[in-house]
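> Dropping the sequence and predicted coords here.
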Amino acid sequence: MSSPVGTVESGGAGFSARERALPLSHPDRLFIGGQWVAPTTSSTFAIIDPTTEELYYRVAEAGPEDMAKAIAAARTAFDRSEWPLLAPAERAEWLRKIADGLRRRAADASHLWTRQVGVLHTMSSASIERVGAHYDYYADLAADFPFEVRHRPLQGAFGNVVREPIGVVGAIVAWNTPMSLAAYKVAPALLAGCTIVLKAPPEAPGEAYVLAEVAEEIGLPAGVLNVLTADREVSEQLVRDPRVDKVAFTGSSGVGRRIASICGDRMARYTLELGGKSPAVIFDDYDLETAARSLADAECVLNGQVCSSLTRIIVSRHRHDEFAEALGAFFGSVRVGDPYDPASQLGPLAMERQRDRVESYIAKGLAEGGKLVTGGGRPDFERGFYIQPTVFSGVDNQATIAQEEIFGPVLSVIPADDEEHAIQLANETVFGLNATVFTNDVDRAYRAARRLRAGTVGHNGYRTDPRMGFGGFKQSGVGREGGRDGLLPYLESKTVILDEIPSGYEPLV
C-alpha cells in the first residue's frame, strides 16, 4: 500500500512544508481586549493534519469565563471608546491596514489552511491572496454608501435617516474556509462601527489567530476584535449573552436553526449562511461532456467540502446514462493525493469523522437503489482521511443522498422527464443556496434562473461572486454576506426629525 505523503519526494514541497515551524505566536492564548491572555482552563484542542493523521499543533480552548471576558471587552470597546463614533472613512483606513497585513501573512495562512483541512496548497495559496481584497472592498464602500439619507419630514424642518452600528457582533465561522468566512463578517462589521468576538472553529483556528496577530500588529483599538476558540457549549454562550447584539454564523442548517431560536427568544439580530444541496440542470441543447468536465472540476474545490457544491445533477432521462458515464469518467480519473503535490487534484477530507460521515452517505445511496458509477471507497493509501471521487446514477430525487448535504466528493445524477420536470426536481429540496443551468440559450438560462429557488444561479458552470452577495433561500440561511447587502445587517436605521436644521447641514433644495 502506498501513502499519499510519499508522492512527494523527500525534500520536496510536501515534506519541507510539514517541517515549517508553526506560524503562530500564541496558540496557547486568547486574543481579548487587544492582548494575548492565558485561558482560564488548561484544556486544548488538538489540530490533526488530515494527510498524515498526526498532530499538527494544539490551541487553547476557551472556557465560559474566557468567553465572558471577550464579550465584556467588545462591549466596553463599543460603549466607551471612540470606535463606533469614527467616520466610516476613518474606519476604512483600519480595514486597509488589515488587508495589507493579511497579504503579508498570506503564505502562513495558506499553509495553515492546507495542514488543518487538507485543501490543495495550489488553491490555498491563490485563494488566501484574495482575502485582503474583501477588506479593501468594504474600505472602498465607505466613500459612497448611504450612511445618511436626508428627507423632507411631514413635520419639522430636518429629516435624516442614519445607519448606525448594530453593536457587539458574535461571529462564528466554519472550518472549511475560515479566513474567507471571517472576512465576510469582520470587514463589514468593522466598517459599520461594530465590535466583534470571533469564535474560531476548533478544527481550523489558525487563520483566525493570524487575523488577531495582524490586528495586534497594526494597533487596532483594544476590544474591537477579540478572537478565541471554543466548543459548542461555550459558543452557545456567545449566542445567548444579552450583551451581544447580533450573531453572524456560517455552518450547518441544524446549528443555524438552534441559533435562530435562541436569538429569536431575546430578539437579537442574526444572519445565517447555512448548508446546501445545490442542483445543476442540464438542458438538452448543451454538450454533455463539457458539462461533465465542468462539474467534475468544480467538485474538486476544497475536496468537495463546499456548502454551495453542485451535487444534484439533473439531466433528461434519455440522456441520463450517457451523461452519468461521462461524469464518472472525468470524476473517476481525478488524481487523489498529497495536497502539497502539484499533480494532486483532490486532497483528504478534513477529519476522520467527516470521512465517516461521507462513507455513511455512500452506504445509504447504495441501500436506496443508487447505481455506483465510480468511487465509493477509500484510495489505497496507508494514511490520510481520503475518499474516492464518487458518482451515483439513477438517483431518486427523494433519496437521502439527493436531499441531505454530504460535504464530500459525492455527486448524484437524477433523471428528469423534461425541462419543466427538471425545474420542479431542482426546487424539491429544503435548501436553496446555489444552482446552475447548462444551456447555449442565454434567454432560456435567465428564464430558468428566475424560477430556481436559490440565492445564486449560474450559467454553464459553478458561479459565485461575493461582491454581489451570497446567501440562500429556505433552510440555506437568512440574510446575505458580501457586497452592499452584506453591510446592512451590521447597521440599524434611525429616523431623526428636528424642528430646525442643525449646523453643518444645508436646506434641501
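Great, that's in hand. None of the values given here were measured: they were computed from a predicted structure. Residues are numbered from 1 along each chain as shown.

> element containing the residue positioned nearest the centre of the chain, please.
In the chain, the centroid-proximal residue (Cα atoms, centre = their mean) is residue 181; its distance is 4.3 Å. Per DSSP states H and E, residue 181 falls inside helix 178-192.

> pLDDT on that helix, on average?
Averaged across helix 178-192, the pLDDT comes to 98.

> re the thing from before, you'd agree the residue nearest to the centre of the chain is up against residue 173?
Yes - counting by Cβ atoms under 8 Å, residue 181 touches residue 173, with 4.0 Å between them. All C-beta spots, glycine's among them, are computed from the backbone N, C-alpha and C.

> Give me the common contacts of these two.
residue 250 (Cβ atoms under 8 Å, 6 or more residues apart in numbering).

> ok, which stretches of the stretch 251-400 of the chain are helices?
Remark: helices assigned in the stretch 251-400 of the chain by DSSP state H, counting those that start in this stretch are 253-266, 288-299, 317-332, 352-367, 400-403.

> Mind putting the ones you listed into JSON lines with mean neighbour count, mean pLDDT and distance to residue 497?
Shown next, in JSON lines, are the helices of the stretch 251-400 of the chain (neighbours: other Cβ atoms under 10 Å; pLDDT from 0 to 100; distance: least, Cβ to Cβ, whole Å):
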{"stretch": "helix 253-266", "mean neighbour count": "16", "mean pLDDT": "96", "distance to residue 497": "29"}
{"stretch": "helix 288-299", "mean neighbour count": "21", "mean pLDDT": "98", "distance to residue 497": "52"}
{"stretch": "helix 317-332", "mean neighbour count": "19", "mean pLDDT": "98", "distance to residue 497": "61"}
{"stretch": "helix 352-367", "mean neighbour count": "16", "mean pLDDT": "98", "distance to residue 497": "54"}
{"stretch": "helix 400-403", "mean neighbour count": "20", "mean pLDDT": "98", "distance to residue 497": "51"}
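
> circling back to that earlier point, next up, the contacts around the residue nearest to the centre of the chain.
Residue 181 neighbours (Cβ under 8 Å, 6+ apart): 173, 174, 250, 273.

> Mind putting these into TSV with pLDDT?
As requested, these are exported to TSV (pLDDT from 0 to 100):
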residue	pLDDT
173	98
174	97
250	97
273	97
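
> what stretches of the chain score poorly on pLDDT?
1-15 (pLDDT under 70).

> repeat that with 50
Counting by pLDDT under 50, the low-confidence segments of the chain come to 1, 6-12.

> how is it carved up into domains?
12-274+477-493, 278-465 (automatic domain parsing).

> Quick one: end-to-end distance for the shortest one.
Between the opening and closing residues of domain 278-465 we find a distance of 16 Å, counting by Cα to Cα, to the nearest Å.

> same deal with stretch 434-444?
The first-to-last residue distance of stretch 434-444 comes to 18 Å (Cα to Cα).

> now that stretch, how far from the centre of its chain.
25 Å (Cα atoms, centre = their mean, to the nearest Å).

> which parts of it are buried?
434, 435, 436, 437, 438, 439 (16 or more other Cβ atoms under 10 Å).

> what does stretch 71-89 contact?
32-34, 91, 142-143, 145, 147, 164-165, 167-170, 191, 193-197, 221-224, 226, 238, 241, 243-244.

> Just the buried residues of those.
Buried among those (16+ other Cβ under 10 Å): 32-34, 91, 142, 145, 147, 164-165, 167-170, 191, 193-197, 222-224, 226, 238, 241, 243-244.

> Residue 53 contacts residue 386, correct?
No - Residue 53 lies out of contact with residue 386 (Cβ under 8 Å); the separation is 10.5 Å.

> the more surrounded of those two?
Using other Cβ atoms under 10 Å as the criterion, residue 53 and residue 386 rank with residue 386 on top: 23 against 13.

> Please report how far that one lies from residue 407.
As for residue 386, its distance to residue 407 is 15 Å (criterion: Cβ to Cβ, to the nearest Å).

> same question, residue 137
Residue 137 is 28 Å from residue 407, by Cβ to Cβ.

> Please identify which of the two sits among more neighbours.
Per other Cβ under 10 Å, whichever of residue 137 and residue 407 has more neighbours is residue 407, with 25 against 21.

> what secondary structure does that one sit in?
coil (DSSP: H, G, I helix; E, B strand; the rest coil).

> What sits closest to it if chain neighbours are left out?
Once flanking residues are discounted, residue 407 sits nearest to residue 305: 5.2 Å by Cβ to Cβ, 6 or more residues apart in numbering.

> ditto for residue 416
Per Cβ to Cβ, 6+ apart, closest to residue 416 is residue 422, 3.9 Å.

> what does whichever strand or helix holds the one you found rub up against?
Taking DSSP H and E as the definition, residue 422 sits inside helix 419-427. Here helix 419-427 makes contact (Cβ under 8 Å, 6+ apart) with 279, 281, 283-284, 312, 314-316, 397, 414, 416, 435, 448, 451-453.

> Top of those by number of neighbours, please.
Ranking these using other Cβ under 10 Å puts residue 279 first, with 31 neighbours.

> From what I see, that one and residue 312 are in contact.
Yes - checked against Cβ under 8 Å, the pair residue 279 and residue 312 is within contact range at 4.4 Å.

> tell me, what's touching these two both at once?
Common neighbours of residue 279 and residue 312 (Cβ under 8 Å, 6+ apart) are 426, 429.

> helix or strand right after the strand or helix carrying residue 97?
Assigned by DSSP H and E, residue 97 falls within helix 88-104. Per DSSP H and E, the first helix or strand lying C-terminal to helix 88-104 is helix 106-117.

> what's in contact with that next one?
17-18, 20, 23-24, 47, 49-50, 56, 102, 119-121, 124-125, 127-129, 131-132, 175-179, 203-204, 206-207, 210, 302, 305, 339-340, 347, 350.

> how far off helix 178-192 does it point, in degrees?
130 degrees (axes from the mean of the first three to the mean of the last three Cα atoms, to 10 degrees).

> Which residues in helix 106-117 does the neighbour count mark as buried?
So for helix 106-117, counting by 16+ other Cβ under 10 Å, buried means 106, 108, 109, 110, 111, 112, 113, 114, 115, 116, 117.

> Can I get those residues in JSON lines including distance to residue 460?
Output for those, formatted as JSON lines (distance: Cβ to Cβ, whole Å):
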{"residue": "106", "distance to residue 460": "31"}
{"residue": "108", "distance to residue 460": "36"}
{"residue": "109", "distance to residue 460": "32"}
{"residue": "110", "distance to residue 460": "30"}
{"residue": "111", "distance to residue 460": "34"}
{"residue": "112", "distance to residue 460": "34"}
{"residue": "113", "distance to residue 460": "29"}
{"residue": "114", "distance to residue 460": "30"}
{"residue": "115", "distance to residue 460": "35"}
{"residue": "116", "distance to residue 460": "33"}
{"residue": "117", "distance to residue 460": "29"}
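
> and which of these is nearest to residue 390?
residue 117 (19.3 Å; Cβ to Cβ).

> Distance check, residue 490 against residue 336.
Residue 490 is 41 Å from residue 336, by Cβ to Cβ.

> and residue 130, how many residues sit next to it?
Neighbour tally, residue 130, other Cβ under 10 Å: 13.

> Over to the residue nearest to residue 30 when sequence neighbours are not counted. Which of the three states is it?
Nearest non-adjacent residue to residue 30, counting by Cβ to Cβ, 6+ apart: residue 228, 4.3 Å away. The three-state label given to residue 228 by three-state DSSP is strand.

> can I assume residue 228 is in contact with residue 65?
No - with contact defined as Cβ under 8 Å, residue 228 and residue 65 do not form a contacting pair (11.3 Å).

> The two: who's more crowded?
When residue 228 and residue 65 are compared for neighbours, residue 228 comes out ahead with 30 against 12, by other Cβ under 10 Å.

> what's across from that one in the sheet?
With DSSP bridges as the criterion, residue 228 is bridged to residue 199.

> Contacts only, for the closest residue to residue 393 other than its chain neighbours.
Nearest residue to residue 393, sequence neighbours excluded (Cβ to Cβ, 6+ apart): residue 324, at 3.6 Å. Contacts for residue 324 (Cβ under 8 Å, 6+ apart) come out as 371, 373, 391, 393, 394, 413.
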